[in-house]
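*Asks:* Using only what follows, build the 3D model:
(one chain, ligands or ions: 1)
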Amino acid sequence: MATIGFIGLGNMGGPMAINLVKAGHNVKAFDLSQAAMDTVVAEGGNAAASAADAVTGAEFVVSMLPAGKHVQGLFQTGDAPLFDLISKDALIIDSSTIDAATAQSVSAAAAERGLSFIDAPVSGGVGGAVAGTLAFMVGATDEQFAKAKPVLDVMGKNIFHAGQSGAGQIAKACNNMLLSILMTGTCEALNMGMKNGLDPAVLSEIMKQSSGGNWALNVYNPVPGVMDGVPSSNDYQGGFQVDLMYKDLGLAMDLSQQSASSVPMGSAARSLFSLHKAKGNGGLDFSSVIKLYQDQ
Ligand code: NAD
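*Replies:* Coordinates of the predicted model:
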């Protein structure tokens, strides 16, 4: 069993760290939020006094932070960069969703110091994080991937080696752009059915079993009351925040710009999330975008 420093114990990082604890690892957990720390400590994690404390002596460091600036600041460019403290034998696994360029530049800065930093963003939502069934998309060398896999296996079901440094983040941007299109499309169709008198549960079941079936319908229905245990049935609390989806769509737009890829559907979805966010819904789960249709 390994000593693992885990930084960022939010909606996703908390349950991921708990799964590492349950698998018998010595998890030194740190978050700026005491409440987030308490949740992991209650399950057997060790509270670290600081991010520096969490990584000191760790064989693996896992980070699950909001965005690229947090990752870069914490490890490389901040006042007390963790790169100064992490063992050269350790593997740093960043599972945050950040831009590929930052992931590559932090990885290169790590390599210059003889350290090993890989990108391993995830898909599967909070439910997948709790169940330990996340999909990991990893940007790493073969050797780094082989070293990370046993740790990732504890937190996920499908572990993909997307390519070299940054490739995991590129795969993630593609996936989340598609997710945003599927979610907004699902909201659009459900809203039209409801406006025409259909029961959303019945319509959801029909589309699930028909050619419109997709992830949003299968496990993340956006209409309150249709599905238990999803954010829509909990006032859109928890889950994957609109702010984070909006961030991810910004990453996808940057990527499309850099590669001259056409993304008309992704752009439309980004505009919808932008409008929804501007109405003050940034802290809600992203399936709340159905409100945008209902408010009109
Ligand atoms: P979150 O806001 O719930 O958690 C982020 C945590 O990081 C917070 O608890 C915050 O206090 C902590 N944090 C920020 N800066 C820190 C620092 N310097 N030191 C220590 N802790 C710090 O976000 P989340 O939903 O857990 O998402 C985390 C990442 O995972 C994001 O990049 C997101 O895009 C990605 N993601 C989220 C989901 C989802 O369904 N929520 C799914 C896949 C990927």
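
*Asks:* residue ranges of the helices in this structure, please?
*Replies:* 13-22, 34-42, 51-55, 68-72, 100-112, 125-131, 142-155, 167-195, 200-208, 215-219, 242-259, 264-276, 290-295 (DSSP state H).

*Asks:* Can you tell me which of the ones you listed is most buried?
*Replies:* When the helices of the chain are scored by mean count of other C-beta atoms under 10 Å, the highest mean neighbour count falls to helix 13-22 (a mean of 24). (C-beta placed from N, C-alpha, C; glycine too.)

*Asks:* Of all the helices of the chain, which one comes closest to Gly5?
*Replies:* Taking C-beta to C-beta as the measure, those were each checked against Gly5, and helix 51-55 came out nearest at 3.9 Å.

*Asks:* where's Gln34 relative to the ligand, distance?
*Replies:* Spatial separation of Gln34 from the ligand under the definition C-beta to the nearest ligand atom, to the nearest Å is 10 Å.

*Asks:* going forward can the numbers begin at 20, since that is how I track them
*Replies:* Renumbered: residue one is now 20, and that last one reads Gln53.

*Asks:* which residues touch the residue in the chain that the ligand sits nearest to?
*Replies:* Using C-beta to the nearest ligand atom, the single residue of the chain nearest to the ligand is Gly29, 1.8 Å away. For Gly29, the residues meeting the contact criterion (C-beta atoms under 8 Å, 6 or more residues apart in numbering) are Asp50, Ser52, Ala55, Met83, Pro85.

*Asks:* Outline the domain layout of this protein.
*Replies:* With automatic domain parsing serving as the domain definition, the record reports that the chain contains domains spanning 22-182, 189-314.

*Asks:* what about the last one, near the ligand?
*Replies:* Yes: under the criterion of C-beta under 6 Å from any ligand atom, the ligand is reached by domain 189-314 at Gly258, Phe259, Leu263, Asp267.

*Asks:* Just give me how far that domain sits from the chain centre.
*Replies:* On the basis of C-alpha atoms, centre = their mean, to the nearest Å, domain 189-314 is displaced by 15 Å from the centre of the chain it belongs to.

*Asks:* Can you give me the end-to-end span of that domain?
*Replies:* One end of domain 189-314 to the other measures 34 Å (C-alpha to C-alpha, to the nearest Å).

*Asks:* Can I get the helices of the chain in JSON lines including mean pLDDT?
*Replies:* As requested, the helices of the chain are exported to JSON lines (pLDDT from 0 to 100):
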{"stretch": "helix 32-41", "mean pLDDT": "98"}
{"stretch": "helix 53-61", "mean pLDDT": "97"}
{"stretch": "helix 70-74", "mean pLDDT": "98"}
{"stretch": "helix 87-91", "mean pLDDT": "97"}
{"stretch": "helix 119-131", "mean pLDDT": "97"}
{"stretch": "helix 144-150", "mean pLDDT": "93"}
{"stretch": "helix 161-174", "mean pLDDT": "98"}
{"stretch": "helix 186-214", "mean pLDDT": "98"}
{"stretch": "helix 219-227", "mean pLDDT": "98"}
{"stretch": "helix 234-238", "mean pLDDT": "95"}
{"stretch": "helix 261-278", "mean pLDDT": "96"}
{"stretch": "helix 283-295", "mean pLDDT": "98"}
{"stretch": "helix 309-314", "mean pLDDT": "91"}
